[in-house]
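Asks: can't give you the sequence, but here's the structure:
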Ligand SMILES: [Zn+2]
C-alpha cells in the first residue's frame, strides 16, 4: 500500500518539529571524555535482555563495513561518532567506491566523486576510511574475496564489527554481510558482531533489533557526515527513510534519536554502548 501525500506531510511535520526542538539544545558532541561512557552512559546501553554494560574506559577498535560510500554513515554514523569522539579507534570500510552510483558518469568518475565524499564524511566522524576494492553493483563472493576480507579483519583485529543485515533488497549489501560474517567466523579472537539496518522496509527486511543506542547527542554530526554524499542527494531524501528510522528507533527506546542493531548471539563479551 502506498502512503498518501497527507500521510507523508504529517510525518514530515513531525520530523521537522522534532529536529527544530532538538537543534535548540547544545549538543554534547566532542565533549564526552572516554571515562564518562558508563557514568553518563549516553543512556544508551540497551537491550532486550542479552547485553550488559561494558566499560568505555578501555580503548577499543570498531570496524564498520558497508557496501557503498554512505552506507556506514547512514546505518551507524551516530555510533561511529560516539565512539570516535570518546577516543576510540573507528574504521569505516567501504566494499566499493560507488562506481555505479551516479547516472551519466563513468565508473571512474563516480568512484572519484564518491570517494571524495566518503573521505569528507570520515573526517567529520573522525574515523579512518578503508576501501576494499570491489565494484559497485557487481560485488562478488569468491574464495579470493573471502580470503581478502579475512586478511583485512586479521590485520585490523577489531573489538566490535558492524555491517549490513543480510536480508536486504540490495545485492551488494547482502554480499557485504555474508563476506563479513564469514570472516568473523574465521577470527580466532572473536569480536562482537552487530548487524545494522539500511533503510528498513525499503532495503533491510525482517530486521529485529536487540540493542539500541541513543544518538541524540551526536545527531548533527551524523547528519553532517551523511549529507556530504551530495551525489546521492542524501540531504534531500534523508527525512523519508534514514530520518524516519532514527526517529522511530528513538521512540522505541525513549529518546529523540536512536540507532538499532541486531547482536550476534555468539559475540564476544564486548557490548555496544
Ligand atoms: Zn548501499
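Replies: Structure's in. What do you need? Remember, predicted model here, so these are calculated numbers, not experimental data.

Asks: in the stretch 1-150 of the chain, what residue lies closest to the ion?
Replies: Going by Cβ to the ion, the ion is nearest to residue 68 of the stretch 1-150 of the chain, at 3.8 Å. All C-beta spots, glycine's among them, are computed from the backbone N, C-alpha and C.

Asks: identify the residues contacting that residue.
Replies: 94-96, 98, 101, 114, 136, 172 (Cβ atoms under 8 Å, 6 or more residues apart in numbering).

Asks: what segments of this protein are helices?
Replies: In the chain, the helices defined using DSSP state H lie at 5-23, 71-85, 107-125, 143-156, 171-186, 219-227, 234-237, 242-253.

Asks: reformat those as JSON lines; add mean pLDDT and mean neighbour count.
Replies: Converted to JSON lines, the helices of the chain look like this (pLDDT from 0 to 100; neighbours: other Cβ atoms under 10 Å):
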{"stretch": "helix 5-23", "mean pLDDT": "49", "mean neighbour count": "12"}
{"stretch": "helix 71-85", "mean pLDDT": "98", "mean neighbour count": "28"}
{"stretch": "helix 107-125", "mean pLDDT": "98", "mean neighbour count": "20"}
{"stretch": "helix 143-156", "mean pLDDT": "98", "mean neighbour count": "15"}
{"stretch": "helix 171-186", "mean pLDDT": "98", "mean neighbour count": "20"}
{"stretch": "helix 219-227", "mean pLDDT": "98", "mean neighbour count": "23"}
{"stretch": "helix 234-237", "mean pLDDT": "94", "mean neighbour count": "14"}
{"stretch": "helix 242-253", "mean pLDDT": "97", "mean neighbour count": "20"}
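
Asks: including distance to the ion, could those go into TSV?
Replies: Shown next, in TSV, are the helices of the chain (distance: least, Cβ to the ion, whole Å):
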stretch	distance to the ion
helix 5-23	22
helix 71-85	4
helix 107-125	11
helix 143-156	17
helix 171-186	6
helix 219-227	12
helix 234-237	11
helix 242-253	12
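
Asks: now those helices in TSV, with distance to residue 203?
Replies: Shown next, in TSV, are the helices of the chain (distance: least, Cβ to Cβ, whole Å):
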stretch	distance to residue 203
helix 5-23	19
helix 71-85	10
helix 107-125	18
helix 143-156	21
helix 171-186	7
helix 219-227	15
helix 234-237	13
helix 242-253	11
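
Asks: of those helices, give the one that comes closest to residue 271.
Replies: Residue 271 lies closest to helix 71-85 among those, at 12.0 Å (Cβ to Cβ).

Asks: for the closest one, packing partners?
Replies: strand 61-66, strand 89-94, helix 107-125, strand 160-164, strand 211-214, helix 219-227, strand 258-263 (3 or more Cβ pairs under 8 Å, 6 or more residues apart in numbering; DSSP states H and E).

Asks: rerun that using 6 Å as the cut-off
Replies: The contact analysis (3 or more Cβ pairs under 6 Å, 6 or more residues apart in numbering; DSSP states H and E) places helix 71-85 against strand 61-66, strand 89-94, helix 107-125, helix 219-227, strand 258-263.

Asks: by how many degrees do that helix and helix 242-253 diverge?
Replies: Put simply, helix 71-85 runs at 50 degrees to helix 242-253, going by axes from the mean of the first three to the mean of the last three Cα atoms, to 10 degrees.

Asks: how about residue 253, nearest residue that isn't a chain neighbour?
Replies: Distance criterion Cβ to Cβ, 6 or more residues apart in numbering; nearest residue to residue 253, sequence neighbours excluded, is residue 212 at 4.0 Å.

Asks: number of residues surrounding that neighbour?
Replies: The number of residues packed near residue 212 is 24, by other Cβ atoms under 10 Å.

Asks: what's the answer for residue 128, then?
Replies: 15.
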